[in-house]
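Peer 1: Quick check, what structure comes out for this input:
(chains A and B, ligands or ions: 2)
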Amino acid sequence: MSKELNVPTMAECMAEGKTPDILFWVGSAGSYDDRAKKITKAFVKILNKANVNFAVLGTEESATGDLAKRAGNEFLFQMQAMMNIEVLNMYEVKRIVTCDPHSFNCLKNEYPGLGGVYDVMHHTQFIKELISSGKLDIKESDYKGKQITFHDPCYLGRANSEYNAPREVLSSLHANLVEMKRSKATALCCGAGGAQMFKEPEKGNKDINELRTEDALQTNPEIIATACPYCMTMMSDGVKVKEKEAQIKVLDIAELIASSQNL
Amino acid sequence: MNYLPNIIFAIALLLGLGYFAKNVKKLVRNIKLGQDVDVSDNTSQRWKNMINIALGQSKLVKRPVSGFLHVVVYVGFIIINIEVLEIIIDGLFGTHRIFSSVLPTSVYGFLIGTFEVLAFLVLVAVTVFWVRRNLIKLARFWKDEMKGWPKNDGNFILYFEMVLMTLFLVMNATDGTFQEMQSGNIISQYLAPLFSDSIAPVIERVAWWLHIVGILIFLNYLYFSKHLHILLAFPNVYYGRVNNKGQLNNLASVTAEVKMMMDPNADPFAAAPEGAEDEVPAKFGASDVQDLSWVQLLNAYTCTECGRCTSECPANLTGKKLSPRKIMMDTRDRLEEVGKNIDANNGEFKDDGKQLLGDYITNEEIWACTSCNACVEACPVSIDPLSIIIEMRRYLVMEQSAAPSELNNMMTNIENNGAPWPYNQQDRLNWKNE
Ligand code: SF4
Ligand code: SF4
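Peer 2: Numbering: from 1, shown residues only, chains lettered A, B, ... in the order given. Ligands and ions are numbered 1, 2, ... in the order given. Coordinates of the predicted model:
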């Protein structure tokens, strides 16, 4: 049994007169989805290990509204955004980190216009910073020499041009990183974006996650690395459809880092 | 002296340019049917984009073969058109190769020699393009939306360029005085022996006239063709996206209403402020071309129908109906239809009972998009098909409440619990102790 997680809330910090350096935006998937919760916990373990002075909003957090916006419901998006901004500004939040590229994109690009201006980071960027500043020391790694392929989340990659941070973090594991034929700017979507995650796909001849999983399988990976809770669902399902779950694991970069350090 | 050729030439030139100007005016009017949008920001970034992406074709060369061939045709075609200047002066004033008497023979020869080499390269490149389209049948040129006119249009342009380049070389080959200069006839010297001395002068005149008339026709063909991109790519890239691709605009009309709703002091029954009564309530999203921004309409006219967007689209790759290229082509077709309607009704649009959404683009296409931005990334001329898709979703959801039922459930959950699933917000931190 691992050590208990230290997850202070903003409200607790405020009551104790403490000011966290950074807010961890858990996001809806990270809070409720069983698979994504594991990513959340892995990231918290990293934060604890690196002694990061962070806090979460806990029950004061609400959906960013990103999903509603991409489904076309601008009303619902702006209502969510303004509610969240009220809370964030009340706590005088300056920096935010999140494991969800969709929240990352929304908070970073779409909140400022509504009065919510923060320095927003994706967890891969934050972990990269922890490693390069020496706060997280990766000595040994169980993943040395393992064949890993990384699936770029659309909202981290194309949407915000961040292709390096996840790859740099992965390279710290000394794994054998192999790129899919479609990667970085031309990476294929996992199929979840634009609220597709919540509906049946339109009529076609294949599911998008299956096609993307085929891309990944061509690299003969032992591990498919992701950096988004929705990509996680899609790629895990894809591996199941291809009946490869015995050979291939789908893991978030936070999980890879945490488990490589036996956290 | 016989001024007839000069007069005929001047008339042809006037007709060609006049008709072109008329169509440009129509084009500008149609684009202005779109909603206003502020594009005065980031000027230096915009110029940079224009130089790199439009002039430097930085996105095109990402596909090396077609990218390289395109650069050849583009550079060749533009540079060779310097020659048109000489043709126009000659045509108007009855001179013959005026530059050859103004410039030193070596310089003139160098210029024409360069043009000849380029013309030859263009011929080769255009032939390869034709083969790729028609014999190798590259998938992106054979999608559903490419049937009929779009397919013919693509080929017509290639034929046009082949004919124009051939005429240019034949014109040089049959020009006795030019051949005698022995300077600059790099390619045409091999064609010259094909024409006997007796017919060469006639062929020369015919080729000369066909060449210039061909160019004027080509100029006027642009408006009706995907080839309009050779002009519009520049403004289109300039006015294209300068912020992160993931950022969607926040609707200001919605902000105003949401602020009202969230303000505990706002009196919903308060009388509207003076002058606000007759304000038309804003329409949310877009169902027709006039609801889109003028930049989106410029996008539609600029689209070259190259299909790079569609060939990267995850929805299209898995057999769904959505094709970002078709979104752009539909938008242009509908805009043309609206423009013709305005022409026919003395400058006023008369409701024709049709609109872009429904009559051209189906809901099925709109809902198949994953908002992945692959199309935006792939487009060599900075077109943003995704923004049009989002505007239509906004219309469907906010004006028609016509989202797929699963999405409605998801949104109801967000509204009630602050999460897309039916979980209680009070349980948001439960993961900590699980
Ligand atoms: S954003 Fe939509 S239309 Fe564009 S490539 Fe992705 S799924 Fe296709
Ligand atoms: S939108 Fe761009 S990529 Fe797509 S067909 Fe038109 S020009 Fe090509």
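
Peer 1: show me where the stretch 101-250 of chain A has helices.
Peer 2: Assignment of helices within the stretch 101-250 of chain A using DSSP state H, counting those that start in this stretch yields the ranges A:101-105, A:123-132, A:164-171, A:208-217, A:229-241.

Peer 1: can I get these in CSV with mean pLDDT?
Peer 2: Written out in CSV, the entries for those read as follows (pLDDT from 0 to 100):
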stretch, mean pLDDT
helix A:101-105, 98
helix A:123-132, 97
helix A:164-171, 96
helix A:208-217, 97
helix A:229-241, 97
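
Peer 1: check contacts around B:L335.
Peer 2: For B:L335, the residues meeting the contact criterion (Cβ atoms under 8 Å, 6 or more residues apart in numbering or on different chains) are B:30, B:33, B:289, B:297, B:300-301. Glycine gets a C-beta too; all of them are placed from N, C-alpha and C.

Peer 1: which one of those sits closest to chain A?
Peer 2: B:V289 (18.3 Å; Cβ to the nearest Cβ).

Peer 1: on that earlier part again, among the helices of the stretch 101-250 of chain A, which is nearest A:F24?
Peer 2: Taking Cβ to Cβ, helix A:123-132 is the member of those nearest to A:F24, at 8.6 Å.

Peer 1: Nearest to ligand 1 within the stretch 151-300 of chain B, name that residue for me.
Peer 2: Closest to ligand 1 within the stretch 151-300 of chain B is B:K245: 9.5 Å, counting by Cβ to the nearest ligand atom.

Peer 1: count of residues packed around that residue?
Peer 2: The number of residues packed around B:K245, counting by other Cβ atoms under 10 Å in any protein chain shown, is 21.

Peer 1: cool, B:L13 as well?
Peer 2: Neighbouring residues of B:L13 were enumerated by other Cβ under 10 Å; the total is 16.

Peer 1: Kindly report the same for the one 3 residues further on.
Peer 2: Around B:G16 sit 18 other residues, with neighbours defined as other Cβ under 10 Å.

Peer 1: So for residue 196, what's the pLDDT?
Peer 2: I went with chain A, as the question did not name one. Among the per-residue scores, A:Q196 holds a pLDDT of 93.

Peer 1: let's do chain B instead
Peer 2: pLDDT at B:S196 comes out at 90.

Peer 1: gap between it and A:S172?
Peer 2: Distance from B:S196 to A:S172, counting by Cβ to Cβ, to the nearest Å: 77 Å.

Peer 1: repeat for B:N243
Peer 2: When Cβ to Cβ is the yardstick, B:N243 and A:S172 sit 31 Å from each other.

Peer 1: about what we covered before: in helices, which of the contacts of B:L335 appear?
Peer 2: Using DSSP state H, the members of these that fall in helices are B:30, B:297, B:300-301.

Peer 1: who has more neighbours, B:N243 and A:S172?
Peer 2: A:S172 (19 against 11).

Peer 1: give me the number of residues near the nearest residue to that one once chain neighbours are set aside?
Peer 2: For A:S172, the nearest residue in space outside its immediate sequence neighbours is A:I138; the separation is 4.8 Å by Cβ to Cβ, 6 or more residues apart in numbering or on different chains. Using other Cβ under 10 Å as the criterion, A:I138 is surrounded by 15 other residues.

Peer 1: ok, now the one 10 residues further on?
Peer 2: Close neighbours of A:I148, defined as other Cβ under 10 Å, add up to 22.

Peer 1: What are the neighbouring residues in contact with it?
Peer 2: Under the criterion of Cβ under 8 Å, 6+ apart, the neighbours of A:I148 are A:170, A:173, A:175-178, A:221-225, A:256.

Peer 1: Any of these buried? List them.
Peer 2: Burial by neighbour count, 16 or more other Cβ atoms under 10 Å in any protein chain shown: within the contacts of A:I148 this picks out A:170, A:173, A:175, A:177, A:221, A:223-225, A:256.

Peer 1: Could you pick out which of the residues you listed are located in strands?
Peer 2: Secondary structure from DSSP state E places A:177, A:223-225 of these in strands.

Peer 1: before we move on, the earlier item: just the buried subset of the contacts of B:L335, please.
Peer 2: B:30, B:33, B:289, B:297, B:300-301.

Peer 1: Nearest to ligand 2 within the stretch 101-250 of chain A, name that residue for me.
Peer 2: Nearest residue of the stretch 101-250 of chain A to ligand 2: A:T186, at 12.9 Å (Cβ to the nearest ligand atom).

Peer 1: That residue and B:A374 touch, don't they?
Peer 2: Yes - counting by Cβ atoms under 8 Å, A:T186 does reach B:A374; the two are 7.3 Å apart.

Peer 1: wait, what's in contact with the residue most central in space within chain B?
Peer 2: Geometric centre of chain B, nearest residue: B:T302, 1.4 Å, by Cα atoms, centre = their mean. Under the criterion of Cβ under 8 Å, 6+ apart, the contact list for B:T302 reads B:228-229, B:232-233, B:236, B:381, B:383.

Peer 1: Keep only those of the residues you listed that are in helices.
Peer 2: Those of the contacts of B:T302 mapping onto helices are B:229, B:232-233, B:236, per DSSP H.

Peer 1: between these, which has the most around it?
Peer 2: The member of those surrounded by the most neighbours (other Cβ under 10 Å) is B:N236, with 24 neighbours in all.

Peer 1: Give me the pLDDT for B:G76.
Peer 2: Spelled out, the predicted local distance difference test score at B:G76 is 87.

Peer 1: I'd like to know how far it sits from A:G134.
Peer 2: Taking Cβ to Cβ as the measure, B:G76 and A:G134 are separated by 56 Å.

Peer 1: same question, B:H96
Peer 2: With the distance defined as Cβ to Cβ, B:H96 ends up 78 Å from A:G134.

Peer 1: So these two - more neighbours on which side?
Peer 2: More neighbours surround B:H96 than the other of B:H96 and A:G134, with 14 against 8 (other Cβ under 10 Å).

Peer 1: Counting neighbours, what do you get for the residue in the stretch 151-263 of chain A positioned nearest to ligand 1?
Peer 2: Ligand 1 sits closest to A:C189 of the stretch 151-263 of chain A, with a gap of 6.2 Å, by Cβ to the nearest ligand atom. A:C189 has 33 neighbours, counted by other Cβ under 10 Å.

Peer 1: Nothing else from me, thank you.
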